[in-house]
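**Student:** I would like the atomic coordinates for the input below:
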Amino acid sequence: MPEKVALIGSGNWGSAIATKMGINAAACSDFQDDVHMWVFEEYVKLEDGKWVRPARGALPPEGKTWVDEGYRTLTGVINELHENVIYLPGIPLPKNIIANADIKECVTGATMMVFVIPHNFLAPIVPKMEGAFAKGAIGCSLIKGIEFEKDGARKPILISDLLKTEMAKAEGAPTVSMSVLMGANVANEVAKGDFAEATIGAPNAEEGAKWCKLFNTPDFSVTSVPDVAGAELCGALKNVVALGAGFSDGLGFGGNTKAAIIRIGLKEMQKFCSEFYGDRKILQDTFLESCGVADLVTTCFGGRNRKCAEIYAKNVVAGTKKDWETIETEELNGQKLQGTGTAKDVMLALKGKGVEASYPLFCMIHKIAFEGEEPKKLVEIAPTKYY
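**Tutor:** Numbers count the residues shown, from 1 in each chain. Here you go, the predicted structure:
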């Protein structure tokens, strides 16, 4: 039977990856044609040629609904125009991508599920799936971040492991085998068709091949490695290093400084993986895949984390400091930063194990971002011997 594919998430990256999934689902007999894409429902209206939403926290006039005020549901607009007019404007979505605001309906009978939502959405969303997906279903996470176990040790936990655990909680729910997709993938560039690579971290070759078949296109080259943890950790940790790159840009430093940040950042990423996930048999070759050094480079030169960190540093230097939430609201059109949350999580892990001294870059990035340290201190970190 053809695989039934569900896409859980419809933001900038979710909509971008939908452009690849939709093409392959329609063209390959291995998949059912339609891909249901779960959308967090919002109301939108066309004003002066631009789609807008109500102001954050705003309510419709008493006794009225947003529809009464001329707004439409985002799902309705996506299904009519085949475009995510808020999160990926100007890029056509394949017509077999079906926007759906009901998460349970979206995943009912699904045999392959792709997760691409902010990780703080997982707790309210996953329980609503209630095991509606098919027995033997497999999943693939595109979510970049780290969570923590709730016990006193505060051990870091992979999002893919968290998803697997949460989906298995419903009575009778089958276990879902999880893979990840990570890589040097700026969403808008992928959506436009600029050539890009990505890495599937898969638990076995068979599942890796299935995911490659779903995602791989002539302009989006996807390969598989037998290293879920390594690929996923690269995708999370590189966003912390990108904050450092943004601070450097905000201070006006050049390519030499950024190259040093990237090099030191990669070493600390490798050390963190070994320190906290040594039992997962992380492959050193994974750091040379698209999910590793390539993703680190592109994130440190582009992307939202670098951009917002540059703005943060410039405002600190100018004496007009803005908090992260304000910058996020002003610059990201409803998207969320990943680097700031991951930087906090990484710091929790380092402090929990008492190894802060071995991670001078990660610690300095946290101090600048959250402890009031001057951005110029970025280049004053003490040299550390990693071997």
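**Student:** show me where pLDDT drops low in the stretch 251-387 of the chain?
**Tutor:** Along the stretch 251-387 of the chain, the model assigns pLDDT under 70 to residues 382-387.
**Student:** run the last query once more with 90
**Tutor:** Applying pLDDT under 90 to the stretch 251-387 of the chain flags residues 277-281, 302-303, 329, 332-338, 345, 348-349, 352-353, 379-387.
**Student:** so where do the helices sit in it?
**Tutor:** Counting by DSSP state H, counting those that start in this stretch, the segments of the stretch 251-387 of the chain that form helices are 255-277, 295-301, 304-318, 324-331, 339-353, 360-370.
**Student:** Of all these, which one is nearest Ile98?
**Tutor:** Closest approach to Ile98 among the helices of the stretch 251-387 of the chain (C-beta to C-beta): helix 304-318, 27.5 Å. Placement of C-beta: from N, CA and C, glycine included.
**Student:** and that closest one, what does it pack onto?
**Tutor:** helix 228-250, helix 295-301, helix 324-331, helix 339-353, helix 360-370 (3 or more C-beta pairs under 8 Å, 6 or more residues apart in numbering; DSSP states H and E).
**Student:** thinking again about what came up before, of all the helices of the stretch 251-387 of the chain, which one comes closest to Leu162?
**Tutor:** helix 339-353 (12.4 Å).
**Student:** before we move on, the earlier item: most neighbours per residue, which of the helices and strands packed on helix 304-318?
**Tutor:** Of all the helices and strands packed on helix 304-318, helix 228-250 carries the top mean neighbour count, a mean of 29, counting by mean count of other C-beta atoms under 10 Å.
**Student:** quick revisit: JSON lines please, covering the helices and strands packed on helix 304-318 and showing distance to Cys140.
**Tutor:** Putting these into JSON lines (distance: least, C-beta to C-beta, whole Å) gives the following:
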{"stretch": "helix 228-250", "distance to Cys140": "10"}
{"stretch": "helix 295-301", "distance to Cys140": "16"}
{"stretch": "helix 324-331", "distance to Cys140": "27"}
{"stretch": "helix 339-353", "distance to Cys140": "20"}
{"stretch": "helix 360-370", "distance to Cys140": "28"}
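**Student:** So for Val190, which of those sits nearest?
**Tutor:** Taking C-beta to C-beta, helix 295-301 is the member of the helices and strands packed on helix 304-318 nearest to Val190, at 11.0 Å.
**Student:** mind listing the strands in the protein by residue range?
**Tutor:** For the chain, the strands defined by DSSP state E cover 5-8, 35-38, 43-47, 50-52, 72-73, 97-100, 112-115, 138-141, 146-148, 156-158, 177-182, 196-201, 220-225.
**Student:** which stretch in those strands is the model least sure about?
**Tutor:** The minimum mean pLDDT among the strands of the chain belongs to strand 146-148 (a mean of 77).
**Student:** That one - contacts with which helices or strands?
**Tutor:** So strand 146-148, by 3+ C-beta pairs under 8 Å, 6+ apart, packs with strand 156-158, helix 159-167, helix 339-353.
**Student:** Okay then, goodbye and thanks.
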